[in-house]
Every structure is written in structure tokens, then in C-alpha cells.
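Colleague: Coordinates for the following, if possible.
(2 chains)
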Amino acid sequence: MGFKNYCFKKSLWVFHFGGASCNNCDIEILDCLTPRHDLERFGILLVGSIRHADVLLVNGSINMHDKERLIEVYNQAPKPILVIAIGACGCTGGFFTESYTFAGPVDKIIPVDAYVPGCPPKPEAIIAGIVKLLNK
Amino acid sequence: MSKKTLIPIGPYHPLQEEPELFKLYCDGEIVKDIKWETGYNHRGIEKLSESKTYEQIFFLVERICGICSNSHPFAFANAVEEIADIELTNRAKYIRTIIAELERIHSHLLWVGLAGHFLGYNTVFMWAWKYREPTLDLFEMISGNRNSYAMFKVGGVRRDIEEAKIPVIQKVLDDIKKKTDLLTGAVMDDPVIHARTKGVGILTKQDVIDYGAVGPTARASGLAIDVRKDDPYAAYPLVNWKVITAEAGDVFAKAQVRLLEMYESISIIEQCLDGLKKEKEGAIEVKVKEIPEGIGNGRAEAPRGEVFHFVQSDGSNSPVRHKIRAPSYVNIATFRKSCVGQTIADATISLAAVDPCYCCTERMAVAYDNSSGKKILNAKELIDLSILKTAEIKKTLSGRNE
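Modeller: Numbering: from 1, shown residues only, chains lettered A, B, ... in the order given. The predicted structure is shown next:
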């Protein structure tokens, strides 16, 4: 077991970075934590500060206003950190690639470990993405 | 002489799902002033819309906001149908109304949950979100997706609600009604919630008129405005329902209005389902060949208030101008009335009380000079420009008169 896997063996703390999103992915991420899916029973917890987090969830297309803030958030994160791009906009930019404010998909700005496509991805898909990443 | 402390909320704060920055200027515990910074969510939708066809724009405007992802297509459809002068079939009207009201139920439940969360009442949060799930299941059954439904098109809807699905919807509605009873009871009778929300974040009727607030925010202050009644569209004139208002204008009144509105929504959906049963044989869309030249205004009542779309067509297959105004844009301005003078702890729930939706609101642009990185136009310069233009027009007009 490598050092990275050792770090992520126990409960994961998640920080949520909502870029220029339409809210759909944000509410589906929150939905993962509520009773139907209840990720908190596995110790997965949404935290208030990136300095406490093991996982950085990024959703929404990143606009020029967000770009430098995303880089700053990533730099502040304790390493190693897992970055997951959620939703079509997070993975590729989706509908908004042609927009004048678009500043590149997430993986052009910071390194991304996993992609969960969908508009929005179902909570099941988000959970499956995290499980796949951990078993990698 | 007192110094003010700046307390920032955001832009990436665990309290908010969306990125935005509030600056609370506080003197001790008391909020003295509030400023709001935005731009984290701007995607340039109005401009994008001018490069898409009318069919594609429905998918685009749906992605303005995920929670009210039906109200924007609704308003846009109303605008385009005004240009093309299209009369919908009854079946399409009913289906549109059912989707809109189901969305209102899920959005209000979502708000009740989040409000509970902001109060530190996580039980309400978990309950409300649990009871919200069956509504999303209904959406999945009807449209195939939990959140962005893609149900609308010019002249009708994309998918029918078949006879077999009606009992399923009815059963879920009965369930939601019971759960809403439970939730309403829990919220209305709880002494802690009373203590935290009554008399907090009060907006008087005059404030609402001054700031032009809409939706439940206005209705909780005793102003009975609702686009569904004032400018009826789709199947709203065909069904019986009433506008819910409250007088107090505080956070509790806003919760009350939203909870009671859910019963109205359930009743509207039930009447629409009866309507669908009566009109078994009917098309769900009318064929539209082309959108003629013209200007259309579309209004729809989103869960948060009035959504307004302005569409200008030149007869081609995409609009030349598409202007959007979302309800949160005016509701957020009321923060200056509702939050100033409160303690910091009460400010958060006052902020949440209007159910602000920032991704709806981001409809602005600031131009930057590429070489120097400076703002080209700020508010003052824009006003100066406007004054200059008026002066020029005056000059030309007076020249013509002479």
C-alpha cells in the first residue's frame, strides 16, 4: 500500500468548490449526504475549509473570475489531495465552452484524479466515482 | 468613532452551495452595513443564447439555474409563443403546469431544509431533503432526469404524461401531503424555531414595494403578487387555487408562505391530472414552422418569484437579443433592509430567507482592458456615457427641428 492510499484509507473529508455552475451538481452533492444516500455513514463529511480536506470536488464551468481562486484553493490544500471533477461542465466545460467568460475545463487548471460526467450526475454516479477512485 | 469589523461570508463558504461574497460590516455583534460581490458564477448565457437556435436555447436556459430549471424555459416559451402567436393545446398546458408545480414543491422543500440547516436544526434539513426525494423520482419517471427535465419546446412539450403514470403521481402527491403536514407541524409548533425566526429580518410592505421584491418574499409581507394570477399563462386560469400571503414579513412568515404554497401546488397538480384524464385524445404540441420577426415578453412564476424573459426575433432561427431577469436579482437587494441592525447570527437566516439563487442572478458584465487589466466601465462611467448619449440625441433632435 502506497503512502497515498494509506492517507485515503479512512474517512474522507470533502471540500466543495462550486465554480460557475447551475446549482444542479451542487444540490446533487448535498443530496449524497442526506438520508436517501447518506454518505456520512462512511465518514465522508463536507468540511468548511480546504485545509481540512482530503478531497476537492469541483463542479461547474470555470470562468475567468473563478480561475485564480481555484488555483489558490488548490495551493492551500494539504497534499496529497484527490480532485474530482463533477458534471459535464466540470469535466469539459459542457454547454459553456463557447462562452466569453470560459477559462478552460478544470483539468487545464489543476490536476484532476477522477471525472464524473452527467448533467447533473445522479448521486449514485458520484458515489460510484469516489469508490472507483479509492479502489484504483 | 467606533471601528467596524468586516466579516466576509464566502466566496466558497460551507454555508452556501454557490459562490458569492457577502461582506458584513459589524460593530460588535450588530451588522451595520452589508455589501455583496458577485461574478463568480457568470457564464454569459444571454450572449450564448444569441448563437443558438430556438430549440437549443431551451436546454441552455434550463441550465441557468438547477433548482428552478423549469421556470426559465417556461418564461422563454411564453416569450417565443407571444412572438409567433401560438395557442397551446390543453394537454400541453396541463403538462407544463404539472411540471412547474412539482418543481415548486421540490424547491420549497429544499428551502425548508436549508433554512433548518442555517438555524442549526439539522433534523429539519434531513427530513425535508428525504421527503423531497420522491418528487425527484417523479421527475425521473416523467422526463428521464432528476433535475434538468428538458420538457419544453416551442409550441408544446417533448414528452407526454401517459394514463398509466397518473396513479403513480397521485400516490406520491398523497405521500408528500402527509409529510408536509408533519413538517408544517414540526416547524410551526417548535418553540426554538419561533424564537429564532419571529421578528427576525422583517421586511415591511413598503420595503417590498421600494425594492421591487417578488415571489414569496413579497407575499410574506402582505403583498399579493403572483404572475400565475396577475398574468395567467398555461393552465393556471383553468384551475382553482389561491395566492398565499402572510402579514408579518419576518423569516417565519416566509417559511409559512412557502409551506402553505406547497398545499396549493399539490391541489393544482391534482386538478391538472383530472384535466389530463378528461382530455385523453389530444396533441401535446402544435407544429411551429418559423418564428416571425417581433418582440416577445415572457413571464413565469418561479418558486422564488417572477422570471422575466425578453426575446427579440429578426425572423431567423436564433434571437437577436435575449434578456433575462431572475427573481433573486431584486430579492437580494432587500438584504440592506432585512439584515442591517440584526446580530450576525440572525443575519445568516435573513440572507437565506429570500431563498437567493445566485446562478440565476449573474446577468452582468464588466469590460476589462486587456493590456492594462483595468476596468473599462464602472457604474459612474456608464452613467456618464448614458448622459452623453442623451445630450447627443437632444442635439440632433433640436438640429432637426431647426
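Colleague: elements contacting whichever strand or helix holds residue A:108?
Modeller: Per DSSP states H and E, residue A:108 falls inside helix A:106-109. Packing partners of helix A:106-109 (3 or more CB pairs under 8 Å, 6 or more residues apart in numbering or on different chains; DSSP states H and E): helix A:64-76, strand A:82-86. Where you see a C-beta, it was placed from the backbone N, CA and C, and this is true even at glycine.
Colleague: the inter-axis angle of the first one versus strand A:82-86?
Modeller: So the one you mean is helix A:64-76. Inter-element angle recorded for helix A:64-76 and strand A:82-86: 150 degrees (by axes from the mean of the first three to the mean of the last three CA atoms, to 10 degrees).
Colleague: which helices and strands does helix A:64-76 pack with?
Modeller: strand A:13-18, strand A:55-59, helix A:106-109.
Colleague: Give the pairing partners of the following helix or strand past the helix holding residue A:108; include direction for each.
Modeller: Note on helix A:106-109: by DSSP H and E, the next helix or strand toward the C-terminus is strand A:114-116. Strand A:114-116 has its sheet partners listed here by DSSP bridges as strand A:82-86 (parallel).
Colleague: contact partners of the partner strand?
Modeller: Applying CB atoms under 8 Å, 6 or more residues apart in numbering or on different chains, the contact partners of strand A:82-86 are A:8, A:12, A:25, A:28-29, A:54-59, A:74, A:91, A:105-107, A:110-116, A:120-121, A:126, A:129-130, A:133.
Colleague: For PyMOL, write the selection for the buried entries among these.
Modeller: The buried residues among the contacts of strand A:82-86 can be selected in PyMOL (16 or more other CB atoms under 10 Å in any protein chain shown) with this line:
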select buried, chain A and resi 8+12+25+28+29+54+55+56+57+58+59+74+91+105+106+107+110+112+113+114+115+116+120+121+126+129+130+133
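Colleague: Where does chain A get nearest to chain B, residue-wise?
Modeller: Proximity to chain B, evaluated over chain A using CB to the nearest CB, is greatest for residue A:24 at 3.0 Å.
Colleague: was I right about that residue contacting residue B:69?
Modeller: Yes. With contacts counted by CB atoms under 8 Å, residue A:24 reaches residue B:69, the gap being 7.1 Å.
Colleague: Those two: who's more crowded?
Modeller: Set side by side, residue A:24 and residue B:69 show more neighbours around residue A:24, with 29 against 26, by other CB atoms under 10 Å in any protein chain shown.
Colleague: Was I right to think residue B:130 contacts residue A:34?
Modeller: Yes. With contact defined as CB under 8 Å, residue B:130 and residue A:34 form a contacting pair (6.4 Å).
Colleague: more neighbours, the two?
Modeller: residue A:34 (21 against 16).
Colleague: which stretches of the chain have low pLDDT?
Modeller: Here I'm looking at chain A. By pLDDT under 70, the low-scoring segments of chain A are A:1-4.
Colleague: wait, chain B
Modeller: In chain B, residues with pLDDT under 70: B:1-2, B:14-16, B:362-379, B:382, B:399-402.
Colleague: domains for it, by residue range?
Modeller: The record's domain split for chain B, according to automatic domain parsing, is B:45-361, B:370-402.
Colleague: Residues of chain A that sit close to chain B?
Modeller: Within chain A, the positions adjacent to chain B are A:16-28, A:30-31, A:34-36, A:46-48, A:50, A:60-61, A:63, A:65-66, A:69, A:73, A:94-96, A:98-102, A:119-120, A:122 by CB under 8 Å from any CB of the partner chain.
Colleague: Quick check on those: which are buried?
Modeller: A:16-28, A:30-31, A:34, A:36, A:46, A:50, A:60-61, A:63, A:65-66, A:69, A:73, A:94-96, A:99, A:101-102, A:119-120, A:122.
Colleague: What segments of the stretch 301-402 of chain B are strands?
Modeller: B:305-314, B:321-325 (DSSP state E, counting those that start in this stretch).
Colleague: closest one to chain A among the ones you listed?
Modeller: Using CB to the nearest CB, the strands of the stretch 301-402 of chain B put strand B:321-325 closest to chain A, at 13.1 Å.
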